[in-house]
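1. give me coordinates for this.
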Amino acid sequence: MTEHQIIERLRRIGWRDGPLPADGLRLARVAAQHRAGYELHDGEHSFGAQPAGHFLKRGLDPSERPAVGDFVEVEPGQPPHIVRVLPRRTVLSRAAAGERYERQLIAANIDYVLVLTGLDGDFNPARIERYLSLTEDSGAQPVVLLSKLDASADAIGRIDALRERLPEGTPIHAINGKDPASVAVLAQYLQPGDSAVLVGSSGAGKSTLTNTLLGIDKMATGAVRAHDSRGRHTTTHRALLPLPSGGCLIDTPGMRELKLTGEENLDLFADIEELAESCRFADCGHGSEPGCAVQAALDSGELAPERWRNYLKLRDEREEQAATLEARLRRQRGGRPVERPHSPRGKRERD
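-> So this is what the prediction gives:
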């Protein structure tokens, strides 16, 4: 097979122009990770592989190991072995559950993050804001998908309310995941060479949507609970799926916990931070202080209380995670904690 043919084959799974591996090595993309090893795809065939020994070293940062969506160099053998992870152009990650700080990769080398939420009892604007905050640091474009359009009695009202809450220009599409005509709007994000990751809570309809995009019932689906529209985890692991459209979709299990990494900018709330900059005092606590622009916006209805509360929650979580990350990095460098100067008491008016 010629180099041109190899590149054309790799483009079917999202490969962008770049040098091919040295002689004897094979280029493939991580399609899934299992306890027994990895499933790779070379643009034509899927095959199993094991990680090379250096990926198994104790203490290795998990982000340095192969993840779904990675392009990797593979050494032939029985079984083949992944010897190198190529540089990632985009990464979607979250902080892993637990007190110990650890970043968990969700998907690599993606162009779009499709955030799926049902228009039924699953509808939760605060959770959508959390997903979009995580997406900010990924390098990929977020797209909000509102599923179960056929089962919602107040779809228009919920969509309009969400548009007011999210930044202008954020793509929002209401769909019926079972209807190919309804999901045709997603073709613009799944063109040949495009890669998208599908995220959302259990029961939102990810597997149903994936089956419709595939044109076959490949992913298991299940019923949701009547009282909250949540479902069981029918998808048990992340998996990269080449689509008939020429794009690639990474389906993910429902995520019960979405912890920020501490490196988000929270650009989603840029309007709130601009308001805070307009307060009379630079260290305004946005409570009963005179000249508080945030409280004025809350009183006038310009700023919704629930959005303000979610901003505070995400901001505090980001700062806590950032401090944990900083402490971890100091320990790795063998340094001591840096004492921060105490802020002077009393309010300081802006210049």
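2. check which helices and strands the longest strand seen in the chain sits against.
-> Ranked by residue count, the top strand of the chain under DSSP state E comes out as strand 26-34. Contacts defined by 3 or more CB pairs under 8 Å, 6 or more residues apart in numbering; DSSP states H and E place strand 26-34 against helix 3-11, strand 37-41, strand 46-51, strand 71-75, strand 239-242. C-beta: built from backbone N, CA, C; applies to glycine.
3. go again using 6 Å as the cut-off
-> Judged by 3 or more CB pairs under 6 Å, 6 or more residues apart in numbering; DSSP states H and E, strand 26-34 is in contact with strand 37-41, strand 71-75.
4. show me the contact partners of that strand.
-> Defining contact as CB atoms under 6 Å, 6 or more residues apart in numbering, one finds that strand 26-34 is touched by 13, 21, 38-42, 66, 68, 70-71, 74, 237, 239-240.
5. for those residues, work out which two are farthest apart.
-> Across the contacts of strand 26-34, the longest distance by CB to CB is 26.5 Å; it joins Pro21 and His237.
6. doesn't Leu312 lie inside a strand?
-> No - using DSSP: H, G, I helix; E, B strand; the rest coil, the assignment for Leu312 is helix, not a strand.
7. show me the shaky parts of the stretch 251-351 of the chain.
-> Scanning the stretch 251-351 of the chain for pLDDT under 70 picks out 254, 256, 335-351.
8. closest one to Asp179 among the helices and strands packed on strand 26-34?
-> In terms of CB to CB, the element of the helices and strands packed on strand 26-34 nearest to Asp179 is strand 37-41, at 28.4 Å.
9. send me that closest one as PDB with only the CA atoms.
-> Presented in PDB, the C-alpha positions along strand 37-41 are these (Å, rounded to 0.1, in the frame of the first residue of the first chain):
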ATOM      1  CA  GLY A  37      -6.100  -3.800  26.600                       C
ATOM      2  CA  TYR A  38      -6.900  -1.400  23.800                       C
ATOM      3  CA  GLU A  39      -9.000  -1.600  20.700                       C
ATOM      4  CA  LEU A  40      -7.500   0.300  17.800                       C
ATOM      5  CA  HIS A  41      -8.700   1.300  14.300                       C
END
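10. which strands or helices does that strand pack on?
-> On a contact count with 3+ CB pairs under 6 Å, 6+ apart, strand 37-41 meets strand 26-34, strand 46-51.
11. could you look up the SS state of Ser93?
-> Using three-state DSSP, the structure places Ser93 in strand.
12. was I right about it contacting Ala107?
-> No - using CB atoms under 6 Å, Ser93 makes no contact with Ala107, being 8.7 Å away.
13. which one's more surrounded, those two?
-> Neighbour tally, Ser93 and Ala107, criterion other CB atoms under 10 Å: the higher count belongs to Ala107, 28 against 19.
14. ranges for the strands of the stretch 101-250 of the chain?
-> Assigned strands in the stretch 101-250 of the chain, in chain order: 103-108, 112-118, 141-147, 172-174, 195-199, 239-242, 248-251 (criterion: DSSP state E, counting those that start in this stretch).
15. JSON lines for these, including distance to Gly262?
-> Converted to JSON lines, the strands of the stretch 101-250 of the chain look like this (distance: least, CB to CB, whole Å):
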{"stretch": "strand 103-108", "distance to Gly262": "9"}
{"stretch": "strand 112-118", "distance to Gly262": "19"}
{"stretch": "strand 141-147", "distance to Gly262": "19"}
{"stretch": "strand 172-174", "distance to Gly262": "28"}
{"stretch": "strand 195-199", "distance to Gly262": "19"}
{"stretch": "strand 239-242", "distance to Gly262": "27"}
{"stretch": "strand 248-251", "distance to Gly262": "24"}
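16. closest to Gly334 out of the ones you listed?
-> Proximity to Gly334, assessed across the strands of the stretch 101-250 of the chain by CB to CB, is greatest for strand 103-108 (21.2 Å).
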